[in-house]
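Colleague: Here's a sequence, model it:
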Amino acid sequence: MGEKYEKMKAIRDEVVALEGALADYRKQNNYHAVLGEGSHDAAIMFIGEAPGQNEAKTGRPFCGAAGRILDELLASIGVPRKDVYITNIVKDRPPGNRDPLPSEIELYAPYLDRQIEILKPKCIATLGRFSMEYIMRKFGLSFELEAISRAHGKLYEADVPWGKLKIAPQYHPAAAIYNQSLLETLKKDFQILKSI
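Modeller: Numbers count the residues shown, from 1 in each chain. All right, here's what the predicted structure looks like:
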């Protein structure tokens with residue numbers, strides 16, 4: 001299947017074998033770990049914060065209402081979902097859809113870091129503030145950090161071993177479920193990804 005596939009499979013196996021809080025919650029509920037899906041040659045990598053219930057039940061990222069919005073946003077820029085890679089920082093569902101805890105981000109982040117290394121994307125589109133904060137800090141852009149209400153729709157750039165990496169903070173698609181006006185903002189912000 002190829003080297004990238006084998007490396008991604010190794011990450012999956014390690015996450016599935018995890019013990020402790022969220023992994024135990026996954027096993028008690030017969031949930032799946034949600035590693036990510038899409039092209040291993042994707043130019044754009046989308047990173048959310050953590051799987052919700054639909055995701056944990058199916059093992060697929062962004063497959064519920066937020067996923068339908070993400071699909072609509074991708075369609076608005078003419079990019080098929082299969083051509084991008086979609087994942088989350090945290091690979092197991094937090095109970096009750098709560099925000100991931102700092103300790104959970106710390107536990108799962110090394111797996112995400114390895115996924116980024118394997119894919120070497122040209123652009124990372126962060127979905128939501130947890131993802132934005134983690135990625136901006138990881139790539140040395142802490143000094144650029146501001147509230148997502150100000151950062152969304154902007155393009156930042158970081159030097160990485162494989163060249164220049166663009167970082168495009170976006171609102172989380174779930175925010176548009178309850179706030180229809182945000183959908184228009186998201187569509188406008190997604191236009192920035194067209195050039196990539």
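
Colleague: distance of the residue lying closest to Ser39 once chain neighbours are set aside from Ala43?
Modeller: Nearest residue to Ser39, sequence neighbours excluded (CB to CB, 6 or more residues apart in numbering): Asp83, at 5.4 Å. Bear in mind the C-beta positions are built from the backbone N, C-alpha and C, glycine included. For Asp83, the distance to Ala43 equals 8 Å [CB to CB, to the nearest Å].

Colleague: Look at these two and report which has more neighbours.
Modeller: Ala43 (17 against 13; other CB atoms under 10 Å).

Colleague: thought that one was touching Pro121?
Modeller: Yes: between Ala43 and Pro121 there is a contact under CB atoms under 8 Å: 6.2 Å.

Colleague: Could I get the phi/psi values of the residue lying farthest from the centre of the chain?
Modeller: The outermost residue of the chain, judged against the average C-alpha position, is Gln28 (24.7 Å), by CA atoms, centre = their mean. Main-chain torsions, Gln28, degrees, to the nearest 10: phi -60, psi -30.

Colleague: Name the helix or strand of this protein that has the lowest mean pLDDT.
Modeller: helix 175-178 (a mean of 88; mean pLDDT, DSSP states H and E).

Colleague: on contacts alone, who are the packing partners of that helix?
Modeller: helix 65-76, helix 180-194 (3 or more CB pairs under 8 Å, 6 or more residues apart in numbering; DSSP states H and E).

Colleague: I'd like to know how far the residue nearest the centre of the chain sits from Gln180.
Modeller: Ranked by distance to the mean C-alpha position of the chain (CA atoms, centre = their mean), the top residue is Ile47 at 1.4 Å. Counting by CB to CB, the separation of Ile47 from Gln180 is 24 Å.

Colleague: hmm, who's touching the lengthiest helix in the chain?
Modeller: When the chain is parsed with DSSP state H, its longest helix is helix 102-119. Contacts with helix 102-119, where a contact means CB atoms under 8 Å, 6 or more residues apart in numbering, come from 4, 7-8, 11, 14-15, 18, 20-22, 35-36, 40-42, 45, 47, 50, 85, 87-92, 94, 124, 130, 134, 138.

Colleague: With stretch 184-192 instead?
Modeller: 69, 73-74, 76-77, 152-155, 168, 170-171, 173, 176.

Colleague: just the helices in this structure please.
Modeller: 3-16, 21-28, 53-58, 65-76, 102-119, 129-138, 148-151, 175-178, 180-194.

Colleague: Please spell out the PyMOL selection for the buried subset of the contacts of stretch 184-192.
Modeller: Here is the PyMOL command that picks out the buried ones among the contacts of stretch 184-192, judged by 16 or more other CB atoms under 10 Å:
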select buried, resi 69+73+74+76+152+153+168+170+171+173+176
